[in-house]
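Asks: Sequence first, predicted coordinates after that:
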There are 2 protein chains.
Amino acid sequence: MTEYTNANPSRGPSDHSVRDQIVDAATEHFGHFGYEKTTVSDLAKSIGFSKAYIYKFFDSKQAIGEVICANRLATVMEIVNAAIAEAPTAAEKMRRLLRALTEAGSDLFFHDRKLYDIAAVAARDKWPSAVRHEERLRQLVEHIILEGRQTGEFERKTPLDETADAIYLVMRPYISPIQLQCNLETASSAAALLSSLILRSLSP
Amino acid sequence: MTEYTNANPSRGPSDHSVRDQIVDAATEHFGHFGYEKTTVSDLAKSIGFSKAYIYKFFDSKQAIGEVICANRLATVMEIVNAAIAEAPTAAEKMRRLLRALTEAGSDLFFHDRKLYDIAAVAARDKWPSAVRHEERLRQLVEHIILEGRQTGEFERKTPLDETADAIYLVMRPYISPIQLQCNLETASSAAALLSSLILRSLSP
C-alpha cells in the first residue's frame, strides 16, 4: 500500500523494504511526538539507524513526511471511492462524497492526533501530495456533476466549471485538516446540511 | 464607539476614560506583539501604569482582549449592515453580506496582522463576544431568507431553520478568522462563487 513518491528505480527490493521500515517507524514516531518538533536525528535514534543511513533513502524530513502524507491521503481517496462506487444516482454520490470525506478526515487525522500535524504542514506549505489530493477531489466533484447532468438529475444552465468550483469550495473546509479541526464538533451534521443545500442548488 | 462588556455602572466617566486608555494601548500593544505572548505586566510597562492599577479596571488579560475583540466584531457588523442596507432585493442582500464579511474580515484581522491572534483565541475558547457575533450573523441570514420568501424570490419548501443553518455553514469559513486565514488568497472569488451557489439553492 505504501506509495514511493521518492522511489529510485535503480534500487532493489531490499532498499524498498528499508524505505518501508523508515516510513513505518516515522509514522509511529510522528504520531507520538508530532512532525514539526521531531528532527531526523530523533527519528534515527528511535529506529536505531544512523542519520547518514536515513539520508541515503530520503533527502530530508519533509521527503519522509511527504510519503506518510501521500499514503494517508491515498487512504482517504480509497474510502471516498468505495463510498460512492455503489451509489445509484449522482445525487446520492454527492451526499456520500461529503459524508465519507468528513468521516475519513476525522478518523485519519484526529484519531492519531499528532498526524494532523503533518497534514497541516502539508496544506500550509502546499506539498505536492496535498495539492494533488485537492485536484483529485475537485475532479471527482466535476465527474459527479457531469453524470447528474447527463441523467437529467442536475441543471445544465450554469457553466460546469463554475458549478464544480463552487461545490468544491463548500466542501473544502471539511477536506483541509486545518479547517476540519475547527469544524470537528459539527462535521457530521454539517455534511448532511451542506449536501442538501448543494443538491438544491443543482436541481434543474 | 467602544463597548464596555465589563462596565461597572457605579464607576464615573473618568474611570471610563482610563478604561478607554487601557483598551487603546492594549490594542496597539497586542497589534505589535501578539495577544498570546503578551502578559499584563508587559502591557502595564508599555502604558506606564502599574499592574495593580490595570487590575482595578480589568479582571484579567482576557477581559481586556474581550473588549478589543467585541469592538472589532462590532465594526464588522457595522460594515455588513451598511453594505446590505440599500440592497434592492433579498438576493442582493445575500450577495453583499458574503462580500462584506470576507472583505471586512480580511481588513480587520489581517491588515493589523497580530490582531488575528486575539480573534483566533476568542473563536477557539468561545469568548462571549465571538459567540454573540456568530449568533447575530446566523440571525441576519435567517432574516434575509425570510424576506426573500415573502417577496417570492426564494423557495419556501425547505424548513427555514435548515436553510439558514446550511447557508450559515457555507459562510462560516469566511467568518471565523482561523478559517479565513486558510482562505485569504481565494476569499474574494469564493464570495462570488458561493453567493451564486447559495442563490441557486434558494431559487423557487
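Replies: Arrived safely, thanks for sending.
Asks: Following the chain past the top helix by length along chain A, name the next helix or strand.
Replies: In terms of residue count, the longest helix belonging to chain A (DSSP state H) is helix A:61-85. Toward the C-terminus, helix A:61-85 is succeeded by helix A:90-106 as the next helix or strand (DSSP states H and E).
Asks: So what touches that next one?
Replies: Residues from elsewhere that reach helix A:90-106, judged by C-beta atoms under 8 Å, 6 or more residues apart in numbering or on different chains: A:75-76, A:79-80, A:82-84, A:87, A:137, A:140-141, A:144-145, A:147-148, A:151, A:153-154, A:167, A:171, A:174-175, A:177, A:180, A:184, A:187-188, A:190-192, A:194-195, A:198-199, A:202. Quick note: C-beta positions are derived from backbone N, CA and C, even for glycine.
Asks: which is the next helix or strand following it?
Replies: helix A:115-124.
Asks: what residues does chain A put near chain B?
Replies: A:123, A:155, A:158, A:162-163, A:165-167, A:169-170, A:172-173, A:176, A:178-179, A:182-183, A:186, A:190, A:193-194, A:196-198, A:200-202 (C-beta under 8 Å from any C-beta of the partner chain).
Asks: same thing but at 6 Å, please
Replies: A:165-166, A:169-170, A:173, A:178-179, A:182, A:190, A:193-194, A:197, A:200-201 (C-beta under 6 Å from any C-beta of the partner chain).
Asks: Could you find the closest non-adjacent residue to A:I178?
Replies: Excluding its sequence neighbours, the residue lying closest to A:I178 (C-beta to C-beta, 6 or more residues apart in numbering or on different chains) is A:A120, at 5.0 Å.
Asks: Tell me the predicted confidence for A:R11.
Replies: Note on A:R11: pLDDT of 51.
Asks: Repeat that for the one 3 residues further on.
Replies: At A:S14, the predicted lDDT confidence score is 75.
Asks: what about it, distance to A:V23?
Replies: A:S14 is 15 Å from A:V23, where distance means C-beta to C-beta, to the nearest Å.
Asks: So for these two, which sits in the more crowded spot?
Replies: Legend: neighbour count by other C-beta atoms under 10 Å in any protein chain shown for A:S14 and A:V23, higher for A:V23 (20 against 8).
Asks: how close does that one sit to chain B?
Replies: Taking C-beta to the nearest C-beta, to the nearest Å as the measure, A:V23 falls 28 Å from chain B.
Asks: Show me the shaky parts of chain A.
Replies: Filtered on pLDDT under 70, chain A yields the residue ranges A:1-13, A:111-114.
Asks: list the contacts for the spatially most central residue of it?
Replies: Centroid-nearest residue in chain A, with C-alpha atoms, centre = their mean: A:L73, separated by 3.0 Å. Counting by C-beta atoms under 6 Å, 6 or more residues apart in numbering or on different chains, A:L73 touches A:129, A:133.
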